[in-house]
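Q: Attaching a predicted model along with its sequence, questions to come.
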2 protein chains.
Amino acid sequence: MDTNRNTPGGNQADRTAAPGPVLDPREQGAAGILAEQLAQGHVADAVERLNTLSPQESAAALALLPDDRAVEILDKPELDDPAEIVHFLPRDRAAVLLEGMSADRVADMLRDLEGTERAALVARLSAEMALAVQRLLSYPPRTAGSIMTTEFVSVPANWTVAQTLAHVRRVERTRETIYAIYVVEPRTRALVRAATMRRLITAEPGDFILSATRETEPVTVKPLTSREEVARLFRRHDLLAVPVVDDARRILGIVTVDDVLDAIVEEGTEDVQRFGGMEASDEPYTELGFGGMIRKRAGWLCALFLSEMLTASAMQHYEDALERAVVLTLFIPLIMSSGGNSGSQATSLLIRALALGELRLRDWWRVALRELPTGLTLGAILGTIGMLRILAWQEFGFFDYGEHWMLIALTVGTALVGIVTFGSLAGSMLPFILKRIGFDPASASAPFVATLVDVTGLVIYFSVASAILRGTLL
Amino acid sequence: MDTNRNTPGGNQADRTAAPGPVLDPREQGAAGILAEQLAQGHVADAVERLNTLSPQESAAALALLPDDRAVEILDKPELDDPAEIVHFLPRDRAAVLLEGMSADRVADMLRDLEGTERAALVARLSAEMALAVQRLLSYPPRTAGSIMTTEFVSVPANWTVAQTLAHVRRVERTRETIYAIYVVEPRTRALVRAATMRRLITAEPGDFILSATRETEPVTVKPLTSREEVARLFRRHDLLAVPVVDDARRILGIVTVDDVLDAIVEEGTEDVQRFGGMEASDEPYTELGFGGMIRKRAGWLCALFLSEMLTASAMQHYEDALERAVVLTLFIPLIMSSGGNSGSQATSLLIRALALGELRLRDWWRVALRELPTGLTLGAILGTIGMLRILAWQEFGFFDYGEHWMLIALTVGTALVGIVTFGSLAGSMLPFILKRIGFDPASASAPFVATLVDVTGLVIYFSVASAILRGTLL
């Protein structure tokens, strides 16, 4: 690995050595100009440029770049479809670049390649890299194992500060971070302490490395720890990296803060999309094809539609009442949406409180006890507004609700109290129920809650109506 | 500042010097035991422990801790209400601790104190700290200026690597990070380049510092750059810190990755809560009082309720049709919720795409052109299911929709295509419209979209019905 990352590789030197197969001779010129632009400036800008090109064009330009620059570009998680680009590179050149990349990015890329091509590339990697990649590929997505890198710095506990610094200087180029240094038991290689570069450069060179470590047990995670939990630990302890250890406390890799940032943003996107009532997608909106878009949306939409059909059944059940008092139908959309809205508010609050670890499953009754008075109060507010609306329209002659208009206003007001209370309670309990039966609480979406509340809302409305209007309208 | 952060302060030595005023003599024992526990282990654990106590108890225990540990604890953003705790500390002791803290945390804390107390504390701070804090307080919340720290490392461009390292060793204790070192023009103090500790420790000590910097212009932000934009830059360039510069490129402070992590998570919470249709709140669910909860939720709930009243007006408008064909009312909840659901999906997709910078305002027509066929397809799917449902119920005798049941099925199916298409279009355009008129696109909530779509949905439904059923039912 060292050899590749250290290759000074001038632009000139490399261009003559560039492999030809993928390049149409007429394109060499355009690719050459592009390569020259990509060789300068921020890597992020080069990545953005490549994202606007086809994989073939990108591969042609990358082939002309010095190794270290090409590796830097391929190593950025923001590069769209690196697997596609690598696919268009000559295999040997591709293997050289992969060897220089960080193992976690190589693993991500290989995931997207088909079996035979993946095997051909892995066969060309060093034994060390191939092993690291294979191990990373074995961890399920969204776990610490799947986002960790195997390129970290560790030193035996019997080294001095000076020895450690010399080692860091030697391996710096091939490590994702050198700011966290892990001190291991020399024989078992079990993690003992973590040192920071801060402490190291201010410590006495002759001291043992252990004297420059924190006295507390280092924070660690297991390879199967969820990335959400990893993110929580980073925030809690202001970490730049966390070691992933096995049961014998041997370090398997580290998760660095840049990967955690990406993971948090991805989780945020998924949370919002699932809350919007669709399958979550990591892919940017612009990348999602028409078919993919329909697949992501149709499933949930149909499921919600089928559940919502219960409202039609409920309405059929009350058909008699509807025929006798058509005036009741006027308020159905208003009343149902209020239940859905209050439920959606409660769900959004609870999803985040559970995701951030502010509440645990056992706190459900505490939440229920808070949502009950909250729902009653909110319902009373909306109920009052609703009644005033009916009174005002009747008084000012905008609409005639018939001779029993006061009873109708009372029905609407009372139903609103019941429905908003039920909405708040149902919306707040849903994330707990999902968590209890093993789902992600964030699968509770606003449309899901609304659907749940709608059917019950109709039942509440017609029950209230039949209690209040019996003998008059009904 | 150096003096405080460097105070070795043993637990014993400090306890005898602890100031008494706030301490009830009977409590000294309990506070002492607590202080002993707080002095050990992870700071994060100490913070969590204090969060379960009253501000008085916390202050009593903190007063017994060595300065550096107390500073470490107060410096953690996870500590609830540090201002309350400081309020119960003797002023002089409080000023000593504040002096040791990072300026950005002090500013956050002072924001929560009332005027006279704030002034009394600021008067006790060193001129340097007071100036830094006052400057931070002057930036609006959610900007780079408000989350930056003024404790960074910068060196003149004419220094050598060895000089720089010696300087870093000297100031390490008082700097939030030493991994990013900013090289400034010696005379104007304008930012020239950024160096990393990585490059520094591998560079030749005799070389000029400029030789150890990246050749590219450092990434910078302005004090009024939004924290969302700052987060985007961190992800794009895998940064650990970014300098905040004025128009003359003088560094005002730096934003570090731990503050960005917190900011991203806060933004995520706000996005979900606003999408759920309520005012966003940074406060954990458990901390939000009953009154605060009602305030956060009632405003939006009432606004949505008032808008949703338009559905009652729309229904009143179609009262004649309703009286003639009560069967139409059966499908109102089903049809309206489908519009709201498809709108909510589209909004959630677009909110994130805009927040992550995947799309810009000018891309609105591109999105509209994609949502149109998507909405038509989704509507056709739901429409087909809806028609099949009516046919099945009629065929199997579950319900009798009357002699014109096929026309009713056609009405429901056609209306669904129209409403789902309208929902997808309206849901996807709403975030663009909000952005265009200067609001955060994330203010578009699921209930907001549902309300928008509901009224139009009713109009579409009754228009389709009158077109298809004219001469038969209507």
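A: Received it, and whenever you're ready, just let me know what you need.
Q: what's the spacing between residue A:166 and residue A:67?
A: Distance, residue A:166 to residue A:67, by Cβ to Cβ, to the nearest Å: 26 Å. Quick note: C-beta positions are derived from backbone N, CA and C, even for glycine.
Q: right, I mislabeled it, should have said residue A:453
A: Residue A:453 sits 59 Å away from residue A:67, going by Cβ to Cβ.
Q: Comparing those two, which shows the higher neighbour count?
A: When neighbours are counted by other Cβ atoms under 10 Å in any protein chain shown, residue A:453 and residue A:67 differ, and residue A:453 comes out ahead with 29 against 21.
Q: The more buried one contacts residue A:424, doesn't it?
A: No: using Cβ atoms under 8 Å, residue A:453 is not in contact with residue A:424, being 9.6 Å away.
Q: can you tell me the helix or strand for residue A:264?
A: Taking DSSP states H and E as the definition, residue A:264 sits inside helix A:257-275.
Q: Low-confidence ranges, chain A, go.
A: Applying pLDDT under 70 to chain A flags residues A:1-28.
Q: The closest residue in space to residue A:105 that isn't next to it in sequence - how many residues pack around it?
A: Excluding its sequence neighbours, the residue lying closest to residue A:105 (Cβ to Cβ, 6 or more residues apart in numbering or on different chains) is residue A:75, at 5.3 Å. Other residues near residue A:75 number 20, with proximity taken as other Cβ under 10 Å.
Q: Check residue A:52 too.
A: For residue A:52, the neighbour count with other Cβ under 10 Å is 9.
Q: which ones are touching it?
A: The contact partners of residue A:52, taken as Cβ atoms under 8 Å, 6 or more residues apart in numbering or on different chains, number zero.
Q: List phi and psi for it.
A: As for residue A:52, its main-chain torsions (degrees, to the nearest 10) stand at phi -90, psi -10.
Q: still on that earlier bit, quickly list what's touching both of residue A:453 and residue A:424.
A: Common neighbours of residue A:453 and residue A:424 (Cβ under 8 Å, 6+ apart) are residue A:343.
Q: Can you name the residue of the stretch 1-150 of chain A nearest chain B?
A: residue A:44 (4.6 Å; Cβ to the nearest Cβ).
Q: mind checking which helix or strand the nearest residue to that residue once chain neighbours are set aside is in?
A: The spatial neighbour of residue A:44 that comes closest, neighbours along the chain excluded (Cβ to Cβ, 6+ apart), is residue B:236 at 4.6 Å. For residue B:236, the element it lies in under DSSP H and E is helix B:227-237.
Q: burial count for residue A:262?
A: Number of residues near residue A:262 (other Cβ under 10 Å) recorded here: 17.
Q: likewise the one 3 residues further on?
A: In terms of burial, residue A:265 registers 20 neighbours under the definition other Cβ under 10 Å.
Q: again with residue A:29
A: Using other Cβ under 10 Å as the criterion, residue A:29 is surrounded by 9 other residues.
Q: just residue A:158 next, same as before
A: Quick note: residue A:158 (other Cβ under 10 Å) scores 12 neighbours.
Q: now swap in residue A:250 and tell me
A: Residue A:250: 15 neighbours (other Cβ under 10 Å).
Q: got the contact list for it?
A: Neighbours of residue A:250 in contact, by Cβ under 8 Å, 6+ apart: A:184, A:188, A:189, A:190, A:191.
Q: Tell me the one of these nearest residue B:311?
A: Among the contacts of residue A:250, residue A:191 lies closest to residue B:311 (Cβ to Cβ), at 61.8 Å.
Q: Assign the closest one to helix, strand or coil.
A: Recorded secondary structure, residue A:191: strand (DSSP: H, G, I helix; E, B strand; the rest coil).
Q: Fine by me, thanks again.
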